[in-house]
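A.B. asks: I'll drop the sequence and a predicted model, then ask my questions.
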Amino acid sequence: MTTDKTIPRDRAAYDFWTTVTLRYSDQDPMQHINNVAITAFLESGRAGLIGEIIGIPEKSGFAMVLARLTVDYLYEITFPQAVDVGGRLARAGGRSLTSHYAIFQGERCCVVSESVNVFFDTKTRRSTEPPEHIADRISAHLSANP
């Protein structure tokens, strides 16, 4: 399977950054950073990006769930050092957000990822449209960061 070339691989494409310090325990027997640790790095970037744009969902009176996550591993990441996780909102649907992420070790793009988060009604346990003030924030962010 080929990697998703629509996800940017250059730092300039990302408008939100999270730095993650690598831990010795993030390594696998091959002495590179394990795929489970990498998805945790992406989660840190995703939580930071969503929090920056719309606030913390649970504190803002709504919920979100991760509906889809793709990860393309381009180059190995090695211990020690840190990685930078770049995030950007790619598009918004009526009930979802699609965002892109890239993990850089130094200047090398090692991982790209796409996630789809869905607004979620905790009472009905079904997807829902975001509150109007949140939809407005999303629109404003997409307009300012095309």
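C.D. replies: Structure's in. What do you need?

A.B. asks: and the next element down the chain from the helix ranked longest in the chain?
C.D. replies: Counting residues, the longest helix in the chain under DSSP state H turns out to be helix 35-54. With elements assigned by DSSP states H and E, the helix or strand that comes after helix 35-54 is strand 63-73.

A.B. asks: so where do the helices sit in the protein?
C.D. replies: Assigned by DSSP H, the helices in the chain fall at 35-54, 132-144.

A.B. asks: In the shortest one, which residues are buried?
C.D. replies: Across helix 132-144, burial judged by 16 or more other C-beta atoms under 10 Å covers Ile134, Arg137, Ile138, His141. For glycine as for every other residue, the C-beta is placed from the backbone atoms N, C-alpha and C.

A.B. asks: and that helix, what does it pack onto?
C.D. replies: Using 3 or more C-beta pairs under 8 Å, 6 or more residues apart in numbering; DSSP states H and E as the contact definition, the elements that helix 132-144 packs against are helix 35-54, strand 82-92.

A.B. asks: could I get these as a markdown table with mean neighbour count, distance to Ser127 and mean pLDDT?
C.D. replies: Written out in a markdown table, the entries for those read as follows (neighbours: other C-beta atoms under 10 Å; distance: least, C-beta to C-beta, whole Å; pLDDT from 0 to 100):
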| stretch | mean neighbour count | distance to Ser127 | mean pLDDT |
| --- | --- | --- | --- |
| helix 35-54 | 19 | 16 | 95 |
| strand 82-92 | 19 | 13 | 97 |
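
A.B. asks: Now the residue nearest the centre of the chain. Nearest residue, chain neighbours left out?
C.D. replies: Closest residue to the average C-alpha location of the chain: Arg46 at 3.3 Å, with C-alpha atoms, centre = their mean. The spatial neighbour of Arg46 that comes closest, neighbours along the chain excluded (C-beta to C-beta, 6 or more residues apart in numbering), is Ser115 at 5.8 Å.

A.B. asks: same deal with Thr39?
C.D. replies: Distances taken as C-beta to C-beta, 6+ apart put Val71 closest to Thr39, at 6.6 Å, once the chain neighbours are dropped.
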